[in-house]
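Novice: Next comes the sequence, and after it the predicted model I'd like to discuss.
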Amino acid sequence: MSNWPLLSVLIWLPIIGGALVLAIRDAQTARWASLGVALLTFALSIPLLTGYDPGIDALQFVETRAWIPAYDIGYNLGVDGIAIALIALTTLVSVLALIGAWSAIDKRVNQYVAAFLILEGVTVGIFAATDAMLFYVFFEAMLIPMFLIIGVWGGPRRIYAALKFFLYTFLGSVLMLVALVYLYLKGGSFQLADLYALQLTATEQTWIFFAFLIAFAVKVPMFPVHTWLPDAHVEAPTAGSVILAAIALKIGGYGFLRFNLPIVPDASMEWAWLVIALSLIAVIYVGLVALVQDDMKKLIAYSSIAHMGFVTLGTFIALWLVREAGNADAARLGLQGAMVQMISHGFVSGAMFSCVGVLYDRMHSRRIADYGGVVNVMPWFATFAMLFFMANAGLPGTSGFAGEFMVIMAAFQRNPWIALGAATTLIIGAAYTLWLYKRIFFGEVANAHVAELKDINGREWLVLGVFAIGVLALGIYPKPLTDLMEPSIAKLAMQIASSKLL
């Protein structure tokens, strides 16, 4: 591994770049400067991928520095196959979000793009941190730029949506802090490796499990703490929705893999039925809620909740499989499916919110009833949208099918009825997705405003084209991604197989 502090560069380059962009008063210059920083950050994430050895299950690109020695809090970074995939997704989608919403905001542009850069940096920090308290600091820090993006540049109800987002997430993170402090008092360390080795009683594990569960369930978000997400998406500007759906929601799924399963595996096993039940409710019930929405963004937001239900389902099905049945292969399939679904959802949801942004920039309306016959005036845009909508419905050959299929296969080996419940998303998802596409794109041109629409420009072509490549590549050939994560997934499956009861 290189001695160059690559992870620190990926964290602090966008944060410092964002701070410097604040000093740029000219809007266009601020946009170009922020794009330059985001592109450089993405370029530097490529050596992270190419230099990573997927044959090793240990952390790589490790950085260790003392931060608050009195409490054994360190500035400790490192990545495995799970973290590196999410960091690469973060740096890529950040570039696409900035390009896609290039001219959507015309007030306080320097502050707007600075918030996105800072958000990118702290998100990379969340995925790279190997010290629990450092993770918590980054976890909390990302609330600030996201709160500002929604609350300052959002829609008419932006203050309500921003406060709801902040309060839900902050409540969960306070419980996580209490759990981390207890673990420190118990074991004398905040290092994740030390926490993984710590033995706890059944009661201690249960309390800590629920503290982590609430913190990360809000982030996913899981039913019933999901109600902040539709409001946040509806009010957020387009780029904010793209980042929120494609990246921010993955922090919840990542938290389950990093904290719940390896630190308190016995309590996670005991309460896995609850998480699986809530996941199935998200897949089925929230999918049905999406059917009745009349706002494009709100429908896609509910769709995101349903699809993220597969992440938690695959994660906790894997726990059942390895602990009850001793089936490590099926457990790895569930964990791999959860991770593939997270990356896929990043592409698909980011692309769908970008499509809404394309229409909103032209029509300034998100109401489905205001559209119709768009394919007649925007054929290229309709083609891209068809691909993304099909991926959202789980069409084989797209990324939307790969992760869900792996989770359903793993669930079938535990209980066919669970698999059947999860598979209903292929019906419900197709129903609300295809009906949405029909109402927007097919039929006669709805009105004079739709008739005047122009097809996508070069900038929009670039953004939707990159998303399309990701959706198709991951759907047709997911092996490079699964190979990247396999040693880390196998190590996690071994960790959760062993009891840590005191």
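Specialist: Received, thanks. Numbering: from 1, shown residues only.

Novice: Which secondary structure element of the chain has the lowest mean pLDDT?
Specialist: helix 448-451 (a mean of 82; mean pLDDT, DSSP states H and E).

Novice: Show me what the helix or strand that that helix is followed by is packed up against.
Specialist: Using DSSP states H and E, the helix or strand that follows helix 448-451 in sequence is helix 458-476. For helix 458-476, the packing partners by 3 or more C-beta pairs under 8 Å, 6 or more residues apart in numbering; DSSP states H and E come out as helix 81-100, helix 328-363, helix 379-392, helix 399-414. In short, each C-beta sits where N, CA and C put it, glycine included.

Novice: would you turn those into CSV with mean neighbour count?
Specialist: CSV is the format used below for these (neighbours: other C-beta atoms under 10 Å):
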stretch, mean neighbour count
helix 81-100, 25
helix 328-363, 25
helix 379-392, 21
helix 399-414, 24
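
Novice: could I get the ones you listed as CSV with mean pLDDT?
Specialist: Formatted as CSV, those follow (pLDDT from 0 to 100):
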stretch, mean pLDDT
helix 81-100, 93
helix 328-363, 90
helix 379-392, 93
helix 399-414, 89
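
Novice: mind checking which of the ones you listed is nearest Leu200?
Specialist: Proximity to Leu200 (C-beta to C-beta) singles out helix 328-363 among these, at 22.0 Å.

Novice: Could you give the separation of that closest one from the chain centroid?
Specialist: Centroid separation between helix 328-363 and its chain, computed with C-alpha atoms, centre = their mean, to the nearest Å, is 8 Å.

Novice: Could you list the buried residues of the top strand by length along the chain?
Specialist: Longest strand in the chain, counting residues (DSSP state E): strand 60-68. Neighbour counts over strand 60-68 (16 or more other C-beta atoms under 10 Å) mark Gln60, Phe61, Glu63 as buried.

Novice: List the contacts of the residue nearest to Met386 when sequence neighbours are not counted.
Specialist: Once flanking residues are discounted, Met386 sits nearest to Tyr437: 6.8 Å by C-beta to C-beta, 6 or more residues apart in numbering. Counting by C-beta atoms under 8 Å, 6 or more residues apart in numbering, Tyr437 touches Ala385, Met386, Phe389.

Novice: would you list the residues you listed in CSV and tack on distance to Phe353?
Specialist: Output for these, formatted as CSV (distance: C-beta to C-beta, whole Å):
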residue, distance to Phe353
Ala385, 12
Met386, 16
Phe389, 13
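
Novice: List just the nearest of the residues you listed to Asp266.
Specialist: For the contacts of Tyr437, the nearest to Asp266 is Phe389 (42.1 Å; C-beta to C-beta).

Novice: my guess is the closest one meets Trp435, correct?
Specialist: No. Applying C-beta atoms under 8 Å as the test, Phe389 and Trp435 come out as separate, 10.2 Å apart.

Novice: picking up where we left off before, buried residues, the least confident helix or strand of the chain. List them.
Specialist: Under 16+ other C-beta under 10 Å, the buried positions of helix 448-451 are Val450.

Novice: circling back: assumed the residue nearest to Met386 was part of a helix.
Specialist: Yes. Under DSSP: H, G, I helix; E, B strand; the rest coil, Tyr437 sits within a helix.

Novice: before we move on, back to that, mind putting the helices and strands packed on helix 458-476 in JSON lines, distance to Ala217 included?
Specialist: Output for the helices and strands packed on helix 458-476, formatted as JSON lines (distance: least, C-beta to C-beta, whole Å):
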{"stretch": "helix 81-100", "distance to Ala217": "18"}
{"stretch": "helix 328-363", "distance to Ala217": "15"}
{"stretch": "helix 379-392", "distance to Ala217": "23"}
{"stretch": "helix 399-414", "distance to Ala217": "18"}
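
Novice: Those: which one's closest to Gly187?
Specialist: Nearest of the helices and strands packed on helix 458-476 to Gly187, taken as C-beta to C-beta: helix 81-100 at 22.6 Å.

Novice: Give the other helices and strands that that closest one contacts.
Specialist: Under the contact criterion of 3+ C-beta pairs under 8 Å, 6+ apart, helix 81-100 touches helix 6-21, helix 27-51, helix 109-128, helix 238-243, helix 250-255, helix 328-363, helix 458-476, helix 479-497.

Novice: Next one: Asn376 relative to Arg362, how far apart?
Specialist: Relative to Arg362, Asn376 is positioned 14 Å away (C-beta to C-beta, to the nearest Å).

Novice: likewise Arg459?
Specialist: 14 Å.

Novice: What of Ala193?
Specialist: The spacing between Ala193 and Arg362, counted by C-beta to C-beta, is 52 Å.

Novice: what's the answer for Val374, then?
Specialist: 10 Å.

Novice: Find residues that contact each of the two.
Specialist: With C-beta under 8 Å, 6+ apart, Val374 and Arg362 have common neighbours Leu453.

Novice: Quick one: mean pLDDT over stretch 22-32.
Specialist: Averaging pLDDT along stretch 22-32 gives 91.

Novice: first vs last residue of that stretch, how far apart are they?
Specialist: 13 Å (C-alpha to C-alpha, to the nearest Å).

Novice: Please list the outside residues in contact with that stretch.
Specialist: Contacts for stretch 22-32 (C-beta under 8 Å, 6+ apart): Val21, Ala33, Leu98, Trp102, Asp106, Val109, Asn110, Gln111, Val113, Ala114.

Novice: Looking at the helices and strands packed on helix 458-476, spot the one closest to Leu257.
Specialist: Closest to Leu257 of those is helix 81-100 (C-beta to C-beta; 6.3 Å).

Novice: so who does Asp436 touch?
Specialist: Actually, residue 436 is Leu rather than Asp. Contacts of Leu436 by C-beta under 8 Å, 6+ apart are Met296, Leu299, Ile368, Phe389.

Novice: Filter these down to the ones in strands?
Specialist: Among the contacts of Leu436, no member lies in strands (by DSSP E).

Novice: Which residue ranges of the stretch 201-350 of the chain form helices?
Specialist: Using DSSP state H, counting those that start in this stretch, the helices assigned to the stretch 201-350 of the chain run over residues 202-219, 228-235, 238-243, 250-255, 261-263, 265-270, 272-281, 287-291, 296-324, 328-363.

Novice: Now distance to Ala179 too, for those helices, in TSV please.
Specialist: TSV is the format used below for the helices of the stretch 201-350 of the chain (distance: least, C-beta to C-beta, whole Å):
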stretch	distance to Ala179
helix 202-219	4
helix 228-235	22
helix 238-243	27
helix 250-255	11
helix 261-263	9
helix 265-270	11
helix 272-281	17
helix 287-291	31
helix 296-324	18
helix 328-363	22
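
Novice: quick one: which of these is nearest Ala141?
Specialist: helix 250-255 (11.9 Å).

Novice: Give me the residues contacting the closest one.
Specialist: 82-83, 86, 89, 123, 126-127, 139, 142, 212, 215-222, 308, 311-312, 315, 338, 342, 345-346.

Novice: Stretch 156-173 now?
Specialist: Residues outside stretch 156-173 that contact it (C-beta under 8 Å, 6+ apart): 136, 139-140, 143, 146-148, 150-152, 154-155, 214-219, 221, 225, 227-228, 231-232, 234-236.

Novice: Which entries within these meet the buried criterion?
Specialist: Counted by 16+ other C-beta under 10 Å, those give 136, 139-140, 143, 146-148, 150-152, 154, 214-219, 221, 225, 228, 231-232, 234-236 as buried.

Novice: can I assume Val95 is in contact with Phe42?
Specialist: Yes. Val95 is within contact range of Phe42, at 5.2 Å (criterion: C-beta under 8 Å).

Novice: Perfect, I'm done here.
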